[in-house]
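1. Here's my sequence, what's the structure:
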Amino acid sequence: MNILIIGGAGYIGSHVAREFLDRKHSVTVFDNLSSGLRENIFEGEEHFVLGDILNYNQLLSAMKGGFDGLVHLAAFKAAGESMIAPEKYSLNNISGTINILNGALETGIKYVVFSSSAAVYGEPQYLPIDEKHPADPENYYGFTKLEIERIMLWYDKLKGLRYASLRYFNAAGYDLMGRISGLEQNPSNLLPVVMETAIGKRKEVQIFGNDYDTPDGTCIRDYIHVSDLAAGHVAALEYIAAADKSLTVNLGSEEGVSVLEMIETARHITGVDIPARITGRRAGDPARLTASAQAAKKVLGWQQKYSGVQTLLASTWEAYKRNRRSV
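-> Got it, this is the predicted structure:
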């Protein structure tokens, strides 16, 4: 198939593009490079269009490429920022997505894969979280993702635009073949923060609370390798194209890793005594978050292959070392 990947120069987007190319699909990337990197574009293997989803003319021009489907990864994603700048998230995430959906209708693109988020669920009422769990976001970022899902449901009902909404848990790791080294810009997630500390870019890792009801007192999260996540995008697009119906599924590892476990494993893998300091809890941080990905396994035939903590950290460390050597 001929696929347009919107936001394909970013951390997740570049891995998704790589997976589609590895599966012999044709790929074009559309990205404004606000957080994506030019080095994440695979020269000679795909096309690249510089543009912004808020510029409808740019978007529409790019979408007139005879695409069978598109992947949308162009949302802003910092939960904390969304609580102080909701207007920014409304404009880019919601208005930008409406541009994408309208452009798809205008250019005859029939299938959309959307990068949603576990943030749509909010505080867990039970674990593991499955797709039947109530959706009650605790931050504005999560609200925008849920609102987009609701909009896509109506476009499906009214216009027949089929979509797959993939509710990510915590994406981590890097391509195991070392083909992607462009690092996330100003990261806030645990693994890149740990790695920036390991290479000396940060002074320390802050651990937000060690008095939770968990074995070591620190929060437990579900981390999924970005290559497993990318495989889920390909499987989802192929499914909705073959079945001609939409779906919403979780993508997670179904395993929980604590903050301290992640830091200790990183120390072992990097050989660096990574400094860490306990600070106060952050508001809204649940003790545990783990996914049920049974629906994705059953419907898509999807499996996690690389999401063990050792592989997550080793592949990330290799990317940071390659990046450091190239500077």
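
2. Centre of the chain to the worst-scoring helix or strand of the chain on mean pLDDT, how far?
-> Every helix and strand of the chain was ranked by mean pLDDT, DSSP states H and E. The lowest is helix 309-326, at a mean of 89. Between the centre of helix 309-326 and the centre of its chain there are 18 Å (C-alpha atoms, centre = their mean, to the nearest Å).

3. before we move on, what about stretch 186-194?
-> With C-alpha atoms, centre = their mean, you get 14 Å for stretch 186-194.

4. Going by neighbour count, list what's buried in it.
-> 189-194 (16 or more other C-beta atoms under 10 Å). In short, each C-beta sits where N, CA and C put it, glycine included.

5. so where's the stretch 101-250 of the chain shaky on pLDDT?
-> Along the stretch 101-250 of the chain, segments meeting pLDDT under 70 are nowhere present.

6. can you put the buried residues of stretch 186-194 in TSV and add distance to Val27 and secondary structure?
-> Formatted as TSV, the buried residues of stretch 186-194 follow (distance: C-beta to C-beta, whole Å; DSSP: H, G, I helix; E, B strand; the rest coil):
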residue	distance to Val27	secondary structure
Asn189	26	coil
Leu190	30	helix
Leu191	26	helix
Pro192	25	helix
Val193	30	helix
Val194	31	helix
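
7. Secondary structure class of Ala231, three-state.
-> Following DSSP: H, G, I helix; E, B strand; the rest coil, the label given to Ala231 is helix.

8. Next: Arg277.
-> strand.

9. Tally up the residues packed near it, please.
-> Taking other C-beta atoms under 10 Å as the criterion, the count of residues near Arg277 is 9.

10. contacting residues for the closest residue to Pro192 other than its chain neighbours?
-> In this structure, Pro192 finds its nearest non-sequential neighbour in Glu184, 5.3 Å apart by C-beta to C-beta, 6 or more residues apart in numbering. Going by C-beta atoms under 8 Å, 6 or more residues apart in numbering, Glu184 touches 11, 35, 192.

11. Starting from Tyr174, give me the distance back to the last one.
-> Separation of Pro192 from Tyr174 (C-beta to C-beta, to the nearest Å) stands at 10 Å.

12. what do you get for the first one?
-> Look at Tyr11 and Tyr174: by C-beta to C-beta, they are 9 Å apart.

13. shared neighbours of the two, anything?
-> By C-beta under 8 Å, 6+ apart, the residues touching both Tyr11 and Tyr174 are Val226.

14. Helix, strand, or coil at the residue nearest to Pro192?
-> Strictly by three-state DSSP, Glu184 counts as coil.

15. where does it fall, phi/psi-wise?
-> Main-chain torsions, Glu184, degrees, to the nearest 10: phi -60, psi 140.

16. Tell me the pLDDT of Ala78.
-> Listed pLDDT for Ala78 reads 87.

17. Which neighbouring elements make contact with the longest helix along the chain?
-> In the chain, taking DSSP state H as the definition, the longest helix is helix 140-159. Helices and strands touching helix 140-159, by 3 or more C-beta pairs under 8 Å, 6 or more residues apart in numbering; DSSP states H and E, are helix 79-84, helix 86-89, helix 96-107, strand 111-117, strand 162-168.

18. for the longest one, which positions count as buried?
-> Yep, that's helix 96-107 we're talking about. 96-97, 99-104, 107.

19. Closest one to Cys219 out of these, please.
-> Cys219 lies nearest to Thr97 out of the buried residues of helix 96-107, by C-beta to C-beta, at 30.0 Å.

20. For the closest one, give me the pLDDT.
-> For Thr97, the predicted pLDDT is 98.

21. Arg282 now?
-> For Arg282, pLDDT reads 81.

22. what does the one 10 residues further on give?
-> The predicted local confidence for Ser292 comes out at a pLDDT of 98.

23. likewise the one 4 residues further on?
-> Ala296 carries a pLDDT score of 98 in this model.

24. coming back round to it: please list the outside residues in contact with the longest helix of the chain.
-> By C-beta under 8 Å, 6+ apart, the residues outside helix 140-159 that reach it are 75-79, 81-83, 86, 89-90, 93-94, 97-98, 101, 105, 112, 114, 116-117, 119-122, 135, 137, 161-163, 165, 246, 248.

25. Could you tell me which of those count as buried?
-> Of the contacts of helix 140-159, these count as buried by 16+ other C-beta under 10 Å: 75-79, 81-82, 89-90, 93-94, 97, 101, 112, 114, 116-117, 119-122, 135, 137, 161-163, 165, 246, 248.

26. thinking again about what came up before, who touches both of Pro192 and Tyr174?
-> Thr316.

27. Is Met195 in a helix, a strand, or coil?
-> Taken by three-state DSSP, the conformation at Met195 corresponds to helix.

28. burial of it, as a residue count?
-> Residue neighbour count, defined by other C-beta under 10 Å, stands at 27 for Met195.

29. so who does it touch?
-> Here Met195 is in contact with 266, 270, 316-317, 320 (C-beta under 8 Å, 6+ apart).

30. These: which two are farthest apart?
-> So, the contacts of Met195 by C-beta to C-beta: farthest apart are Ala266 and Tyr320, at 10.6 Å.
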